[in-house]
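Novice: test case, fold it:
(one chain, ligands or ions: 1)
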Amino acid sequence: MPKKRILTGDRPTGKLHIGHYFGSLKKRVELQENPEYDPYILIADVQALTDNFNNPEKVRKNVREVAMDYLSVGIDPNKTTIYIQSMIPEVAELTVFYSNLVTIARLQRNPTVKTEIAQKREIFGESVTYGFLGYPVSQAADITAFEGKLVPVGEDQLPLIEQCREIVRKFNSIYGDVLVEPEAILSGNKRIKGLDGNDKMGKSLGNAIYLSDSEEEINKKVMSAVTDPNRIKKDDKGNPDVCMVYYYHKLFSTEEETKTVCSECKAGERGCVACKKQLAKNISDTLKPIRERRAYYETHPEEVDKILIEGTKKAQATARETMKKVKKAMMLDYFE
Ligand code: TRP
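Specialist: Next up is the predicted model:
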C-alpha cells in the first residue's frame with residue numbers, strides 16, 4: 001500500500017500560539033507517527049502575501065519563525081516534509097490552469113473567503129483583490145501539486161477543501177483522470193478562545209500566548225485574563241463557566257486540580273490571583289520543552305535553513321512529477 005499523503009500548512013504572518021498548538025500542531029505531530037501517512041507541511045508565504053502584499057518583510061521574517069515553531073512542537077523533518085510554498089513554481093502554474101475551472105461567483109460565495117473579506121475591510125476597502133478572491137484556487141494547487149489525499153483542517157477551512165474537490169472533479173472530467181481528490185479531516189479540537197474571552201486568539205487582538213513566550217510573559221498575560229466580573233472579593237461565590245482562567249485550567253491543569261478550582265471558586269474559597277498563578281505555572285511547565293527546543297533553533301539558524309532546503313527539494317521533485325502528468329493531460333507537453 002502506498003502511503004497516504006497528508007497536506008497542511010500555515011500562512012507565515014506571525015509566530016504560532018497555543019491556539020495553533022491545540023488546533024492543529026498537536027494533531028500533526030500525532031499523525032506523523034503513523035507509518036501509513038506521508039505528511040507534507042507548507043509554509044504558505046504566497047498565500048500570506050494575498051493579504052500582506054504591502055508587507056513583504058513580515059512574511060519573510062515569519063517563514064523562519066513558523067519553521068522554528070514546527071520543529072519546537074516536535075514536527076520531525078525525518079517524518080514530515082516541511083517546505084516553502086513560493087519555492088514550488090508548479091503551484092503557481094497550476095493556479096493559472098485551475099483559474100479557468102472556477103467562476104468568480106463561486107469564489108464570492110465561498111464562506112471562508114466571504115468572512116475573511118469582511119474582516120479585512122481595512123486592507124481591501126470596498127473592493128477585494130483578484131489574488132485574495134482567488135486564494136482558494138491557489139490552495140487547491142497547494143494540495144493537488146503534491147497529490148494530497150488527506151487535509152487536516154479546522155472547520156473554518158472546510159469550504160476551501162470543498163472548492164478544491166470541485167476543481168479536481170472538473171479538471172479530471174475535462175482533461176482525464178489525473179488529479180487526486182483530497183478529503184478534509186477535522187483536526188479534532190475546536191478553536192480555543194483568547195485570554196480575554198474572544199472567540200479568536202490572535203496577534204492583533206493581543207490575547208494570545210505564544211509558544212516562544214517566556215515564563216514572565218506567560219505570567220503577565222495570565223494575570224490579565226478575564227475572570228468572572230461579578231466576583232469582587234475573594235469570598236464572593238464565583239461562576240467558573242464565565243472565567244477564562246478556569247477555561248485554561250481545563251486545557252493545562254490535571255483533572256484533579258481543575259475540579260478543585262471549580263469547586264473552590266463556586267464556594268468562594270479561592271482567590272483569583274492564586275488561581276492565576278497556579279495556571280501560569282502549569283502553562284509554563286507544559287510549554288517548557290517547546291520553549292527550550294525553540295531557544296535551541298533560535299541559536300542554530302543554519303539547522304533550520306538546512307531542514308527547509310531539504311524539505312523544499314523533496315517537495316519540488318514531487319510537484320514536478322505531478323506537473324508532467326498535468327501538462328500531458330492538458331496537451332501542453334510540447335517537444336516531449
Ligand atoms: N489557508 C490555510 C490557513 O490560513 C493555510 C494553507 C495554505 C493550507 N495552503 C494550504 C492549509 C493547503 C491546508 C492545505 O491556515
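Novice: just the element for the residue in the stretch 51-200 of the chain positioned nearest to the ligand, please.
Specialist: Using C-beta to the nearest ligand atom, the closest approach of the stretch 51-200 of the chain to the ligand is made by Asp142 at 4.0 Å. Where C-beta positions appear, they are placed from N, C-alpha and C, glycine not excepted. Assigned by DSSP states H and E, Asp142 belongs to helix 135-144.
Novice: what are the contacting residues of that helix?
Specialist: The contact list for helix 135-144 (C-beta atoms under 8 Å, 6 or more residues apart in numbering) reads 7, 9, 42, 44, 46-47, 50, 85, 90-95, 98-99, 102, 107, 110, 112-113, 148, 151, 159-161, 163-164, 167-168, 179-180, 182, 322.
Novice: any of those buried? List them.
Specialist: 7, 9, 42, 44, 46-47, 50, 85, 90-91, 93-95, 98-99, 102, 107, 110, 112-113, 148, 151, 159-161, 163-164, 167-168, 179-180, 182, 322 (16 or more other C-beta atoms under 10 Å).
Novice: can you narrow these to ones near the ligand?
Specialist: Residues of the buried ones among the contacts of helix 135-144 in contact with the ligand (C-beta under 6 Å from any ligand atom): 7, 9, 42, 44, 47, 151.
Novice: in a strand, the third one, correct?
Specialist: Yes - counting by DSSP: H, G, I helix; E, B strand; the rest coil, Leu42 is part of a strand.
Novice: ok, for it, nearest residue in space, not its chain neighbours?
Specialist: Distances taken as C-beta to C-beta, 6 or more residues apart in numbering place Gly9 nearest to Leu42, at 3.8 Å, with adjacent residues excluded.
Novice: just the CA trace of the helix or strand of the chain at the bottom of the mean pLDDT ranking, in CSV.
Specialist: Ranking every helix and strand in the chain by mean pLDDT, DSSP states H and E puts helix 121-124 at the bottom, with a mean of 86. This file holds the C-alpha atoms of helix 121-124, laid out as CSV (Å, rounded to 0.1, in the frame of the first residue of the first chain):
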residue,chain,number,x,y,z
ARG,A,121,-12.0,45.8,5.2
GLU,A,122,-9.1,47.9,6.3
ILE,A,123,-6.9,46.2,3.8
PHE,A,124,-9.2,45.8,0.9
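Novice: show me which positions of that helix end up buried.
Specialist: Applying 16+ other C-beta under 10 Å to helix 121-124 flags 123-124 as buried.
Novice: likewise stretch 274-286?
Specialist: Residues of stretch 274-286 classed as buried: 275-276, 278-284, 286 (neighbour count, 16+ other C-beta under 10 Å).
Novice: cool, and stretch 149-160?
Specialist: For stretch 149-160, by 16+ other C-beta under 10 Å, it's 149-154, 157, 159-160.
Novice: mind listing what the nearest residue in space to Ile123 that is not next to it in sequence touches?
Specialist: Nearest non-adjacent residue to Ile123, counting by C-beta to C-beta, 6+ apart: Asp51, 5.7 Å away. By C-beta under 8 Å, 6+ apart, the contact list for Asp51 reads 116, 120, 123-124, 132.
Novice: pop out the phi and psi values for Asp51.
Specialist: Main-chain dihedrals, Asp51, degrees, to the nearest 10: phi -120, psi 10.
Novice: before we move on, what about Val102?
Specialist: Dihedral angles (degrees, to the nearest 10) for Val102: phi -140, psi 140.
Novice: how does the chain divide up, domain by domain?
Specialist: Residue ranges for the domains of the chain, per automatic domain parsing: 4-193+300-329, 213-295.
Novice: point out the most buried one among those domains.
Specialist: Sort the domains of the chain by mean neighbour count, taking mean count of other C-beta atoms under 10 Å, and domain 4-193+300-329 sits at the top with a mean of 18.
Novice: separation between Lys26 and Ile192?
Specialist: Taking C-beta to C-beta, to the nearest Å as the measure, Lys26 falls 11 Å from Ile192.
Novice: likewise for Leu16?
Specialist: Between Leu16 and Ile192 the computed distance is 13 Å (C-beta to C-beta).
Novice: kindly report the same for Ala295.
Specialist: Ala295 is 24 Å from Ile192, by C-beta to C-beta.
Novice: re the thing from before, in JSON lines: the buried residues of stretch 274-286, plus distance to the ligand.
Specialist: Listed next are the buried residues of stretch 274-286 as JSON lines, based on distance: C-beta to the nearest ligand atom, whole Å:
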{"residue": "Cys275", "distance to the ligand": "33"}
{"residue": "Lys276", "distance to the ligand": "31"}
{"residue": "Gln278", "distance to the ligand": "33"}
{"residue": "Leu279", "distance to the ligand": "28"}
{"residue": "Ala280", "distance to the ligand": "28"}
{"residue": "Lys281", "distance to the ligand": "31"}
{"residue": "Asn282", "distance to the ligand": "28"}
{"residue": "Ile283", "distance to the ligand": "23"}
{"residue": "Ser284", "distance to the ligand": "27"}
{"residue": "Thr286", "distance to the ligand": "23"}
